[in-house]
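here is my input; please provide its structure:
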Amino acid sequence: MHSILRSPNSPGLCPGGEFLAGDFSAVYALAHRLKASSLAGASGNKPLLGKNIALLRLRPPEAEMSTLHRAAMDLGARVAHVRLGSPIEPGGTRFRNLSQMLGRLYDAVDCSSLTPAEVRQIEQHAGVTVYDDLESVDHPMRALADLMTLREHGCAPGTNAQIAFLGDPLSKRAGNFFRLARDAGIRLREADPSGTAGDTDFLVDALDADHWVLHAPSGPIDAVECSDNHRFALQAMLLITSVAEGLKTGPAPGDAA
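All right, here's what the predicted structure looks like:
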């Protein structure tokens, strides 16, 4: 399971790298407020203005801006795509020098396609917030966004709250989703192999591991809406961690003081 943040003293990480129920509630609440502020047309301030975030990647950026890049930029941060060149041996001088340089230039670093050991070493030498592939499908933020979407369509926690699941329950994304759903008071059950939810109003079709389709009583939920919620979840995670000190418990951008 991907950790939210590698530092053991940071929000969203307990021993073993699991996401806690309290952390889920805080990030979910902030993501919901950020979305409400956006829908209300509140421009607000830019809480990450002056902050620099590096996206450490093995490949050049895609032509289309990534969800994390847009999420950070919309909050006012400057985002740089930093491409790793030839493989650098973790623990070596070059790797340490790279990490220290990242720490001098950026307030936070998001690492993609690196091993957990490499991410930990970057954090150790950089001395800044280091994330482990925040926008990955296997990261808890994706599961949080999925659950946020279903809850907005009426899947409220309670004794009768239930979601049918179709797909591999042992995948990392499914594990994250199950954990967060249980923490929110929502039960899950295996869907009928035909893909029907039976007497359950909500269905997660995870047969395509990278592209889940969420179903509400009205039918399949628009993928654009799911993507938007993922962006708000990422923004909430950036704001609730040390990238934006002083904003952990304050109002969301655009909220009245």
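
give the buried residues for the lowest-mean-pLDDT helix or strand in the chain.
Every helix and strand of the chain was ranked by mean pLDDT, DSSP states H and E. The lowest is helix 21-39, at a mean of 86. Neighbour-count burial for helix 21-39 flags 23-24, 26-28, 30-35, 37-38 (criterion: 16 or more other C-beta atoms under 10 Å). From N, CA and C alone the C-beta is placed, and that goes for glycine too.

quick check, nearest of those residues to R173?
Relative to R173, the closest of the buried residues of helix 21-39 is F24; by C-beta to C-beta it sits at 15.4 Å.

check contacts around that closest one.
Counting by C-beta atoms under 8 Å, 6 or more residues apart in numbering, F24 makes contact with L144, L180, D183, A184.

measure the second one to L238 for me?
In this case it means L180. To L238, L180 is 19 Å away according to C-beta to C-beta, to the nearest Å.

picking up where we left off before, kindly reformat the buried residues of helix 21-39 as JSON lines containing distance to V224.
Listed next are the buried residues of helix 21-39 as JSON lines, based on distance: C-beta to C-beta, whole Å:
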{"residue": "D23", "distance to V224": "27"}
{"residue": "F24", "distance to V224": "24"}
{"residue": "A26", "distance to V224": "26"}
{"residue": "V27", "distance to V224": "22"}
{"residue": "Y28", "distance to V224": "20"}
{"residue": "L30", "distance to V224": "21"}
{"residue": "A31", "distance to V224": "16"}
{"residue": "H32", "distance to V224": "18"}
{"residue": "R33", "distance to V224": "21"}
{"residue": "L34", "distance to V224": "17"}
{"residue": "K35", "distance to V224": "13"}
{"residue": "S37", "distance to V224": "19"}
{"residue": "S38", "distance to V224": "14"}
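
what is the nearest of those to T67?
A31 (13.1 Å).

would you check that the closest one makes contact with M141?
No. With contact defined as C-beta atoms under 8 Å, A31 does not reach M141; the gap is 9.1 Å.

so what sits against both of the two?
A233.

related to what we said a few turns ago, ok, then the element right after the least confident helix or strand of the chain?
strand 52-57 (DSSP states H and E).

surely D228 is in contact with L39?
No. In this structure D228 lies outside contact range of L39 using C-beta under 8 Å: 9.8 Å.

out of everything not next to it in sequence, what's closest to the residue most central in space within the chain?
By C-alpha atoms, centre = their mean, the mean C-alpha position of the chain lies nearest to M141, the distance being 2.5 Å. Leaving out its chain neighbours, the residue that sits closest to M141 by C-beta to C-beta, 6 or more residues apart in numbering is A233, at 4.9 Å.

mind listing what's buried in the strand or helix carrying that neighbour?
Using DSSP H and E, A233 falls within helix 223-240. For helix 223-240, burial by neighbour count (16+ other C-beta under 10 Å) applies to 226, 228-240.
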